[in-house]
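Enquirer: Sequence and predicted model, in that order:
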There are 4 protein chains.
Amino acid sequence: MTQRKTRTTKADATRRQLLDAALAVIAERGYAEATVDRIVEVAGVSKGVAYYHFPSKAAIAESILVDGIGDLIVSFERVAAEAVSATAALTAMIELFAAVIFENAAFGRFFVAELWRPGRAWSAVMRGYEQRLLALLQAQLVRGQREGTVRPELDAAFESVALVGMVLTTTLYYIGEEGEAHGTLDERRQLFIARIVDFVHHANASAGMRAG
Amino acid sequence: MTQRKTRTTKADATRRQLLDAALAVIAERGYAEATVDRIVEVAGVSKGVAYYHFPSKAAIAESILVDGIGDLIVSFERVAAEAVSATAALTAMIELFAAVIFENAAFGRFFVAELWRPGRAWSAVMRGYEQRLLALLQAQLVRGQREGTVRPELDAAFESVALVGMVLTTTLYYIGEEGEAHGTLDERRQLFIARIVDFVHHANASAGMRAG
Amino acid sequence: MTQRKTRTTKADATRRQLLDAALAVIAERGYAEATVDRIVEVAGVSKGVAYYHFPSKAAIAESILVDGIGDLIVSFERVAAEAVSATAALTAMIELFAAVIFENAAFGRFFVAELWRPGRAWSAVMRGYEQRLLALLQAQLVRGQREGTVRPELDAAFESVALVGMVLTTTLYYIGEEGEAHGTLDERRQLFIARIVDFVHHANASAGMRAG
Amino acid sequence: MTQRKTRTTKADATRRQLLDAALAVIAERGYAEATVDRIVEVAGVSKGVAYYHFPSKAAIAESILVDGIGDLIVSFERVAAEAVSATAALTAMIELFAAVIFENAAFGRFFVAELWRPGRAWSAVMRGYEQRLLALLQAQLVRGQREGTVRPELDAAFESVALVGMVLTTTLYYIGEEGEAHGTLDERRQLFIARIVDFVHHANASAGMRAG
DNA sequence: GATGAATGAGCCTTCATTCAT
DNA sequence: AATGAATGAAGGCTCATTCAT
């Protein structure tokens, strides 16, 4: 039992090393230019293990995406369950989303690049996860319309996509801007997230709400 | 003289065939999976000519991006020169941008994928073009703030990126949605563009403006 | 003592499972495409045990061949000791040989493929077994010549090879023919073996013998 | 025109070099152990050309088999058309077959190994060629039965397979035997082929014929 | 005895680029 | 200008074998 656990733990550790290394390598130049050779080099393991733990390079990459989106989905679901209003939920989700991308730029870049890559070949699992993430945002937009805080004429499906796209692109742009920094990293992060939340708020809020 | 013209024309035609073919091939599976073999096959020319007209595969791709963004810049500049107000200019730019992407999804996809690809290797020329495009949007946002139609607390640099990201991602998402179509393609396009313009308007407009 | 026996028995069982699994896997696509992973999977044991019981993949395969040919040799020797005439012995040997291959097509295929594979790397042991098998046939051909039932001008060495090749190839061809079956499997088998025996008889028998 | 021809000729020469080299390499250790690296090394060309002229390693190998069997088929067809009797045709075919394998042992070995390899993956084209070769032998056996020179009880389908198997295996065995040579190579070859023809003759001929 | 994670050499294949004609 | 054969550096992946536990 102990042995089994130990083994499992060790194997899991190797798996994790591979995923971390893969994300780092993919973040450098994108999925296409990431080589398995480089990934295992960064992970500090031999080439064979990569194929012992994953069936292909694509599977490694997809595992990263699925894990990342999965975590977001879990967080979004908790927010949806706990938030007292659609406005609170949307604000929390956007904040969370931006914070995650901000803190894990490597994942953010990979996510953006693959989300809209022409002919991307990720599996149905992956597409399902994307849909669930969008659906969670969409549900809160609809809820907001019921609650009178989101403009009724707004198309929730369109809007959820716009939000994801906007958050991802601005965050990456922000991270990319290096040099002309004012304030500490944390301050800048706070300011940036506030800006996104404000943008979303104005874009979606109904007049009455905004006035409030 | 006639011959010179003929030659130039013919060379231009070949160049154009190559660019069109390259865009079509890249749109299928992305830049990395596009092969020169496939491009020349689609273009109906031999492999040698591709390297006669362009120094490399990357140069072909970059030429597509530069041409596309260049056209947008020219259009944006004309809009900026002619628009009677920042609001009119921004509306026209967003409409134009969405329409171009909508009509040339292949270009749109390529643009999105490369704009935020980690470690993308396009030249300084390319980056300069991107900056000019963003700067034209930014200028109108600033002008709007002067004119009192854009919220003064808004960060124009942030905002211009958000606009580009939002337009690109929603457009591609929309194009991807096939099947559940209501109305003709043109009607849907009109509706879609109206939605984007509306979104932008609400996100940016100052309260007084919106009330108006 | 009991434990020793148990151990031996268990070890033998594992060994047998591995050999059976290996033969099954090899029969699917040949030795080269058989993988140790697949063999242990079919055998239902871990990878480590395979290398505990055998020094290499080649050793497993060779063990199959040696065991199979060894059994044939033992049978041939018994036939040689008991047969009242060369004709009876040859008939019995050919019948036996064809029956064995017919009933164990997997072994037959493997045997054929490896017997004439260019540069096959089996050990001296293996080659020795082949020679012994051929020698037993050859001995009966020579005996037949002494007894006047086998044509005297016939080259026994050549003939023994021809017999083995002919039996193997026709049997495999027969097994491969599926669909157009007449009669039960057993009937077809009987008919087929009779045909081989007849062929051999005519090819080798001296005129006087045949007339008789 | 001249240029086209020159190019074609040169490309064909390269193709031929590859095929010859591949056959030589495959003859050494079999298809599975033949590497493309070794083939191009022997051919004296770069690795890329192999894949410029053939889609895969398997395609190279199959091309060899198809070409070789194709030549045999053409020869067999000529024999069938010209022979005055089934006996003459069969004798000529067997002689021809044995001579071809004798002179091109590399091809013979490859042919034998692949003809009965379990799960061999060659295309339908290849299987079709095999059938045509057997059919040509079979046709002469049937013709011989009509002409009264081949035993009527004999199964032509079975017999054709037996002939091919027997010729291939004995020839390769013969070639393999090195050292204990009597007479010149050509004398031994003559003797060997005579032996095969004699074997076939006895195995198939009806009593009356043999007496004649 | 047994397990299964890890190793690493080597394989087939792809593809941007060059160059003789 | 144009062709297409040729190049060669990688890249993804396989698999027999080893070894710590």
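Expert: Yes, it's here. Since we're looking at a predicted model, the values are computed, not measured. Numbers count the residues shown, from 1 in each chain, chains lettered A, B, ... in the order given.

Enquirer: Can you give me the neighbour number for residue A:154?
Expert: When neighbours are defined as other Cβ atoms under 10 Å in any protein chain shown, residue A:154 has 21 of them. Every C-beta, even on glycine, is put in place using the N, C-alpha and C of the backbone.

Enquirer: Look up how far chain D lies from it.
Expert: 54 Å (Cβ to the nearest Cβ, to the nearest Å).

Enquirer: Tell me the secondary structure at that residue.
Expert: Following DSSP: H, G, I helix; E, B strand; the rest coil, residue A:154 is assigned to coil.

Enquirer: who are the neighbours in contact with the residue nearest to it when sequence neighbours are not counted?
Expert: What sits nearest to residue A:154 in space, not counting adjacent residues and going by Cβ to Cβ, 6 or more residues apart in numbering or on different chains, is residue A:204, at 6.4 Å. Going by Cβ atoms under 8 Å, 6 or more residues apart in numbering or on different chains, residue A:204 touches A:90, A:141, A:144, A:150, A:151, A:154, A:159, B:202.

Enquirer: Which helix or strand contains the first one?
Expert: Element membership of residue A:90, judged by DSSP states H and E, is helix A:86-103.

Enquirer: now could you export just the CA positions of that helix as PDB?
Expert: The C-alpha coordinates for helix A:86-103 follow below in PDB (Å, rounded to 0.1, in the frame of the first residue of the first chain):
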ATOM      1  CA  ALA A  86     -25.000  38.300 -11.300                       C
ATOM      2  CA  THR A  87     -23.000  41.500 -11.100                       C
ATOM      3  CA  ALA A  88     -21.000  40.100  -8.200                       C
ATOM      4  CA  ALA A  89     -20.500  36.800 -10.000                       C
ATOM      5  CA  LEU A  90     -19.400  38.400 -13.300                       C
ATOM      6  CA  THR A  91     -17.000  40.700 -11.500                       C
ATOM      7  CA  ALA A  92     -15.500  37.900  -9.500                       C
ATOM      8  CA  MET A  93     -15.200  35.700 -12.600                       C
ATOM      9  CA  ILE A  94     -13.500  38.400 -14.700                       C
ATOM     10  CA  GLU A  95     -11.200  39.200 -11.800                       C
ATOM     11  CA  LEU A  96     -10.300  35.600 -11.300                       C
ATOM     12  CA  PHE A  97      -9.800  35.000 -15.000                       C
ATOM     13  CA  ALA A  98      -7.500  38.000 -15.400                       C
ATOM     14  CA  ALA A  99      -5.600  37.100 -12.300                       C
ATOM     15  CA  VAL A 100      -5.000  33.500 -13.500                       C
ATOM     16  CA  ILE A 101      -3.700  34.600 -16.900                       C
ATOM     17  CA  PHE A 102      -1.700  37.400 -15.300                       C
ATOM     18  CA  GLU A 103       0.000  35.000 -13.000                       C
END
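
Enquirer: Next to DNA strand F in this structure, residues from chain A, please.
Expert: A:3, A:6, A:34-37, A:47-48, A:51-52, A:55-58 (Cβ under 7 Å from any atom of the strand).

Enquirer: Show me which of those residues are buried.
Expert: Buried by 16 or more other Cβ atoms under 10 Å in any protein chain shown: A:34, A:36, A:57, out of the residues of chain A next to DNA strand F.

Enquirer: Please state the backbone phi and psi of the first one?
Expert: It stands for residue A:34. Phi and psi for residue A:34, reported as degrees, to the nearest 10, are phi -80, psi 130.

Enquirer: ok, for residue A:143, nearest residue in space, not its chain neighbours?
Expert: Take residue A:143 and drop its neighbours on the chain: the residue closest to it by Cβ to Cβ, 6+ apart is residue A:86, 4.1 Å away.

Enquirer: could you say what helices and strands the lengthiest helix in chain A packs with?
Expert: In chain A, taking DSSP state H as the definition, the longest helix is helix A:2-29. Packed against helix A:2-29 by the contact rule (3 or more Cβ pairs under 8 Å, 6 or more residues apart in numbering or on different chains; DSSP states H and E) you find helix A:36-43, helix A:47-53, helix A:57-82, helix A:105-115.

Enquirer: which parts of it are buried?
Expert: Using 16+ other Cβ under 10 Å as the test for burial, helix A:2-29 gives A:14, A:15, A:17, A:18, A:19, A:21, A:22, A:23, A:25, A:26, A:27, A:29.
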